[in-house]
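Novice: Okay, predicted coordinates and the sequence, questions at the end:
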Amino acid sequence: MATDPVLHSVRDYYWGCIYCEGPGEYTGDYGHLTGGGPFFAVEDQVTIEVVNSRMVEPEDADVELNVHVRTAPVASADHASVIALRSGVLSIGDADHFDEIPLRPGRWLVQVDLDSRGPDGARWVNVHLSPEDAP
């Protein structure tokens, strides 16, 4: 079932990561951001590695992000994890800018598809959110 994205953006990410978390809810130290990536997850935060705008030419730095809210999970995705959102709001972005998506409080399945990582990282990311208890 296709849905229009609740968030569509095209911009650069200075640190090369998109963070998904409840606003002010993640208090960790980002120590989980080790290894090969491009997807890192803990109980209340997901990080998606993308093109790092400091490492490419400005005209090559944009990343397209689409976020969909669904009633049920998509059939398959490149990466998936469950995130706890106590506030019922998902903040998605980086240190430069976060967008907020209102959801109900609880646990949400975060499914992520991204382009095959070229030498510089992902240039498009599709995030699918569905309640963990969805049918």
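Specialist: Thanks, I have it. Numbers count the residues shown, from 1 in each chain.
Novice: Ser9 and Asp62: what is the separation?
Specialist: Applying CB to CB, to the nearest Å, the value for Ser9 to Asp62 is 10 Å. For every residue, glycine as well, the C-beta is placed using N, CA and C.
Novice: and what of Gly118?
Specialist: In terms of CB to CB, Gly118 sits 14 Å off from Asp62.
Novice: and these two? which has more neighbours close in?
Specialist: Asp62 (18 against 10; other CB atoms under 10 Å).
Novice: And stretch 4-23, end to end?
Specialist: End-to-end span of stretch 4-23 (CA to CA, to the nearest Å): 24 Å.
Novice: That one: which residues count as buried?
Specialist: By neighbour count on 16 or more other CB atoms under 10 Å, the buried set for stretch 4-23 is 6-7, 9, 12-13, 16-22.
Novice: Please, where are all the strands along the protein?
Specialist: 7-11, 17-21, 39-42, 45-49, 63-69, 79-85, 89-93, 98-102, 106-114, 124-131 (DSSP state E).
Novice: Parallel or antiparallel, which strands does the third one pair with?
Specialist: Partner strands for strand 39-42, per DSSP bridges, with pairing direction: strand 45-49 (antiparallel).
Novice: The strand it pairs with relative to strand 79-85, how many degrees between them?
Specialist: Inter-element angle recorded for strand 45-49 and strand 79-85: 140 degrees (by axes from the mean of the first three to the mean of the last three CA atoms, to 10 degrees).
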